[in-house]
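K.L.:
Quick one: sequence and predicted model below, then my questions.
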Protein chains: 2
Amino acid sequence: MISPTAEYALRAVVAIAQGGGDAVVTSKLVEMTKVPPGYLPKVLQALRRGGVVQSKRGLGGGFTLARVPEQISVLDVLMIVDPIKRIERCPLDINAHSTTLCPLHRRLDEAAGMVEKSFAATTIAELLISGDDNQAPLCRPSKPLRLGLKPRR
Amino acid sequence: MISPTAEYALRAVVAIAQGGGDAVVTSKLVEMTKVPPGYLPKVLQALRRGGVVQSKRGLGGGFTLARVPEQISVLDVLMIVDPIKRIERCPLDINAHSTTLCPLHRRLDEAAGMVEKSFAATTIAELLISGDDNQAPLCRPSKPLRLGLKPRR
């Protein structure tokens, strides 16, 4: 329902959020998200341009969230990489439908709106919380994120 | 949110339903749905194989629905041409997530499930009803569907 790119972007944001404010280097993100290493930088660049993540070069550098995870919604991330397509005008260009969609396209747009609303109401912070430690999102890094982070950039 | 093919298939099913039981020829469907003429036959063939539409050759031939529109849901059509992808197993192949998804993928799957449920509850019959005649779905055929249907197949 969402594109692979959108899902990768969410993985990346969740992985960065798991750094808890410490910068996370790209190699660690590859390990945690299993996003193809050649593709992850493109996703990260889009997220940086979109204002959801920040990057810092040099010693102790890497990626951090641009805002606290409570203030970033799933929709914020999707809107940057692959916005949910709403049907704003008749796809058949029917004049009579220019102001009001027909029942078919109204119904499809309602479903898109429902998803948009649901994703707008879900924050990245909520995706980090799990009742069971085994259900922590994504892959565990081979070394804890807050220890042994080596600058790679 | 749904693919162009899925949207084309819904247009085709709604247009056939508008025939009210009379067979609708492909040329009329092209006119009503504005689906690219080279692509519509592929969509119709998939719908026929999927058991949602029937075709009849020869005089008075064309396409009819295989069931009454009250018994065909939007989801029935989508499942044939482009099923809504549920997340049934961890996309990262994490063993600990094999029985329970992590919060990220659980949330994404919940959204897909919400859409699936909503489309399962919407019948093609509901898409034919409009308060305003101008909002009848799709393009009006140049001739009324129940008159002047010429066999073209």
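P.N.:
Received, thanks. Numbers count the residues shown, from 1 in each chain, chains lettered A, B, ... in the order given.
K.L.:
in a helix, that's where residue A:54 is, yeah?
P.N.:
No: going by DSSP: H, G, I helix; E, B strand; the rest coil, the assignment for residue A:54 is strand, not a helix.
K.L.:
show me the contacts for it.
P.N.:
Neighbouring residues of residue A:54 by C-beta atoms under 8 Å, 6 or more residues apart in numbering or on different chains: A:48, A:63-66. C-betas here are computed from N, CA, C, even on glycine.
K.L.:
so which of those are also by chain B?
P.N.:
For chain B, no contacts are drawn from those by C-beta under 8 Å from any C-beta of the partner chain.
K.L.:
So which of those are in strands?
P.N.:
Members of those lying in strands (criterion: DSSP state E): A:63-65.
K.L.:
picking that back up, are any of the contacts of residue A:54 buried, and which?
P.N.:
Neighbour-count burial (16 or more other C-beta atoms under 10 Å in any protein chain shown) applied to those gives A:63-66.
K.L.:
now, which of the contacts of residue A:54 sits nearest chain B?
P.N.:
residue A:65 (14.9 Å; C-beta to the nearest C-beta).
K.L.:
Just the pLDDT at the closest one, thanks.
P.N.:
pLDDT for residue A:65: 98.
K.L.:
tell me the contacts of it?
P.N.:
Counting by C-beta under 8 Å, 6+ apart, residue A:65 has contacts A:13, A:16-17, A:52-54, A:72, A:124.
K.L.:
repeat that for 10 Å
P.N.:
A:13, A:16-17, A:19-21, A:24, A:47, A:52-54, A:71-72, A:124 (C-beta atoms under 10 Å, 6 or more residues apart in numbering or on different chains).
K.L.:
For the contacts of residue A:54, give me TSV that also has distance to residue A:5.
P.N.:
Below are the contacts of residue A:54 laid out as TSV (distance: C-beta to C-beta, whole Å):
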residue	distance to residue A:5
A:48	15
A:63	17
A:64	21
A:65	19
A:66	19
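K.L.:
Skip the chain neighbours and tell me the closest residue to residue A:6.
P.N.:
Closest residue to residue A:6 apart from its sequence neighbours, by C-beta to C-beta, 6 or more residues apart in numbering or on different chains: residue A:82 at 4.1 Å.
K.L.:
That should have said residue A:23, apologies.
P.N.:
In space, residue A:23 is closest to residue A:62, 3.3 Å off (C-beta to C-beta, 6+ apart).
K.L.:
who does the one you found bridge with?
P.N.:
Counting by DSSP bridges, residue A:62 is bridged to residue A:56.
K.L.:
The longest helix seen in chain A relative to helix B:103-120, how many degrees between them?
P.N.:
In terms of residue count, the longest helix belonging to chain A (DSSP state H) is helix A:103-120. Calculated by axes from the mean of the first three to the mean of the last three C-alpha atoms, to 10 degrees, helix A:103-120 forms an angle of 160 degrees with helix B:103-120.
K.L.:
Just the CA trace of helix A:103-120, in CSV.
P.N.:
C-alpha atoms of helix A:103-120 as CSV (Å, rounded to 0.1, in the frame of the first residue of the first chain):
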residue,chain,number,x,y,z
PRO,A,103,-19.2,8.0,-6.2
LEU,A,104,-16.3,5.8,-7.4
HIS,A,105,-13.6,8.4,-7.1
ARG,A,106,-15.1,9.8,-4.0
ARG,A,107,-14.9,6.4,-2.4
LEU,A,108,-11.3,5.9,-3.4
ASP,A,109,-10.4,9.3,-2.2
GLU,A,110,-12.1,8.6,1.1
ALA,A,111,-10.0,5.6,1.6
ALA,A,112,-6.8,7.6,0.9
GLY,A,113,-8.0,10.2,3.3
MET,A,114,-8.6,7.6,6.0
VAL,A,115,-5.0,6.3,5.6
GLU,A,116,-3.6,9.9,5.5
LYS,A,117,-5.5,10.7,8.8
SER,A,118,-4.3,7.5,10.4
PHE,A,119,-0.7,8.1,9.5
ALA,A,120,-0.9,11.8,10.6
